[in-house]
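Q: Sequence plus the predicted model coming up.
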Amino acid sequence: MQIARLSDLASKAACPRLVVKVGSSLLVNRKGLRRHWLEGLVRELAEARARGQDVIIVSSGAIALGAATLKLDRGGRGNLADAQAAAAVGQIALSGLWAELLGGHGLTAAQLLLTVDDLEDRRRYLNATATLARLLDMGVVPVINENDSVATHEIRFGDNDRLAARVAQAAQASAVLLLSDVDGLFDRNPAEPGAKLLPEVHGVTPEVHAMATEDSSSGLGSGGMTSKLQAAEIAELAGISLAIVNGTHKQPITRALEKNIGTLFLPRRKAGARKAWLGGRLRLKGALVVDAGAAKALAGGSSLLAKGVAQVEGSFHRGDAIAIRDESGKVLAHGLSEYDAEECARLRGRHSSEHAEILGYAPRSAIVHRDQLVLL
């Protein structure tokens with residue numbers, strides 16, 4: 001059984017494993033922690049566990065909680081040092097809170113603090129996958145957050161929407177449920193007259209991206225609708241559904257699923273596990289710009305040959321993850337390079353028969369082999 005509608009997220013058969021992301025603005029407002037609301041949410045999560053569903057929580061809120069304790073301006077996001085200090089203080093309170101409330105329903109919580117590198121490096125990604133699998137096998141509810149106390153602007157997810165999608169990939173989840181401060185994706189800014197909620201989206205297209213707004217009503221969070229669409233794209237690569245629903249209400253999951261209020265993104269395809277990991281990467285070491293002929297060949301399932309490379313960008317080594325773009329700037333694929341950037345620059349635009357003479361050694365068959373490439 002596959003997920004076909006929003007209510008299927010409450011079905012063990014259609015959705016045996018669910019990732020639920022909770023944003024900062026839902027946990028904490030200007031007056032402090034919204035404990036009563038959180039107690040209601042935990043009750044819903046406990047009901048999902050009672051139905052036999054595995055539940056993973058991706059929880060924001062550490063910076064907001066820590067900032068309140070330290071009395072920092074701007075919710076602790078005034079500068080990087082404040083954010084890291086607030087996270088270090090707030091993470092203790094956040095993990096303790098989840099453990100206490102889940103424990104009230106007989107559930108054991110486990111904390112995982114992740115950085116981008118934990119899910120971008122292949123070996124560490126597999127380690128995280130194994131840890132999640134073992135915890136879930138034992139009936140534990142993992143509570144995950146970005147490790148904001150050590151993350152910097154350059155090496156961080158930046159929001160927990162994309163983190164939730166990457167965690168869903170690692171955990172082989174069926175769906176991701178993003179609790180937001182809006183009902184879902186609207187065809188335009190929801191503040192505009194006539195804006196319509198989209199109940200279902202089949203694939204995130206440029207037209208869908210055009211509907212997004214970066215506006216955030218709370219000032220406490222770091223994500224907007226654009227980050228949620230990026231999360232939906234990451235989830236789609238692994239064949240995972242993603243839903244955006246309004247989390248501001250009491251018992252928000254029950255309200256959204258029973259009344260069908262939200263937006264459900266249904267995947268159009270499913271890449272293999274390794275290619276889903278590669279396609280969902282947020283950090284790339286460089287890029288190759290390809291001509292129209294190479295772009296067409298890639299779409300047909302071919303490897304990328306040096307003849308079709310028009311430009312080489314960045315500094316990367318063999319085995320690094322890079323983007324492949326067309327000449328208009330559109331990202332076509334992610335792949336693992338078979339050559340260093342300097343070698344790619346020497347080979348670009350040249351026929352395979354010339355490679356050995358140029359490099360002085362027997363060349364590999366492609367710049368990026370199709371087995372190490374995923375189309376986006």
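A: That came through, no problem.
Q: downstream neighbour of the helix or strand encompassing Leu257 in the secondary structure list?
A: For Leu257, the host element (DSSP states H and E) is helix 252-259. Following helix 252-259 in sequence order, the next helix or strand is strand 263-266 (DSSP H and E).
Q: Can you point out the buried residues in the following helix or strand past that next one?
A: Using DSSP H and E, the next helix or strand after strand 263-266 towards the C-terminus is helix 273-279. Buried residues in helix 273-279, counted by 16 or more other C-beta atoms under 10 Å: Lys275, Ala276, Trp277, Leu278, Gly279. No exception for glycine: its C-beta is placed from N, CA and C like everyone else's.
Q: Likewise for stretch 49-66?
A: 49, 53-66.
Q: for stretch 66-74, same thing?
A: Buried residues in stretch 66-74, counting neighbours by 16+ other C-beta under 10 Å, are found at Gly66, Ala67, Ala68, Leu72.
Q: I'd guess the third one is in a helix, am I close?
A: Pointing back at Ala68 there. Yes. Using DSSP: H, G, I helix; E, B strand; the rest coil, the assignment for Ala68 is a helix.
Q: Excluding sequence neighbours, find me the nearest residue to it.
A: Gly32 (6.1 Å; C-beta to C-beta, 6 or more residues apart in numbering).
Q: Can you convert the buried residues of helix 273-279 into CSV and add a column each for distance to Ala235 and pLDDT?
A: Below are the buried residues of helix 273-279 laid out as CSV (distance: C-beta to C-beta, whole Å; pLDDT from 0 to 100):
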residue, distance to Ala235, pLDDT
Lys275, 14, 88
Ala276, 9, 88
Trp277, 13, 87
Leu278, 15, 89
Gly279, 11, 89
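Q: quick one: which of these is nearest Val245?
A: Using C-beta to C-beta, Ala276 comes nearest to Val245 of these, at 24.0 Å.
Q: Spit out the contact partners of the closest one.
A: Gln169, Leu237, Ala238, Gly239, Lys270, Val374 (C-beta atoms under 8 Å, 6 or more residues apart in numbering).
Q: hmm, back to that, could I get the CA-only coordinates of the helix holding Leu257 as CSV?
A: C-alpha atoms of helix 252-259 as CSV (Å, rounded to 0.1, in the frame of the first residue of the first chain):
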residue,chain,number,x,y,z
PRO,A,252,-2.3,19.7,14.6
ILE,A,253,-1.7,16.2,13.1
THR,A,254,-5.3,15.0,13.8
ARG,A,255,-6.7,18.3,12.4
ALA,A,256,-4.7,18.2,9.2
LEU,A,257,-5.1,14.5,8.4
GLU,A,258,-8.8,14.1,9.3
LYS,A,259,-9.9,17.3,7.6
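Q: average model confidence for that helix?
A: Taken as a whole, helix 252-259 has an average pLDDT of 96.
Q: next one: stretch 55-68
A: 91.
Q: What distance separates the opening and closing residues of that stretch?
A: End-to-end distance of stretch 55-68 (C-alpha to C-alpha, to the nearest Å): 29 Å.
Q: How far off centre is that stretch?
A: 17 Å (C-alpha atoms, centre = their mean, to the nearest Å).
Q: what do you get for stretch 307-321?
A: Relative to the centre of its chain, stretch 307-321 is centred 25 Å away, using C-alpha atoms, centre = their mean.
Q: do the same with stretch 233-252
A: 11 Å.
Q: mind listing what Gly239 touches?
A: Neighbouring residues of Gly239 by C-beta under 8 Å, 6+ apart: Pro267, Arg269, Lys270, Ala271, Ala276.
Q: and which of the residues you listed is nearest to Leu288?
A: Distances from Leu288 to the contacts of Gly239, taken by C-beta to C-beta, are shortest for Ala271, at 19.9 Å.
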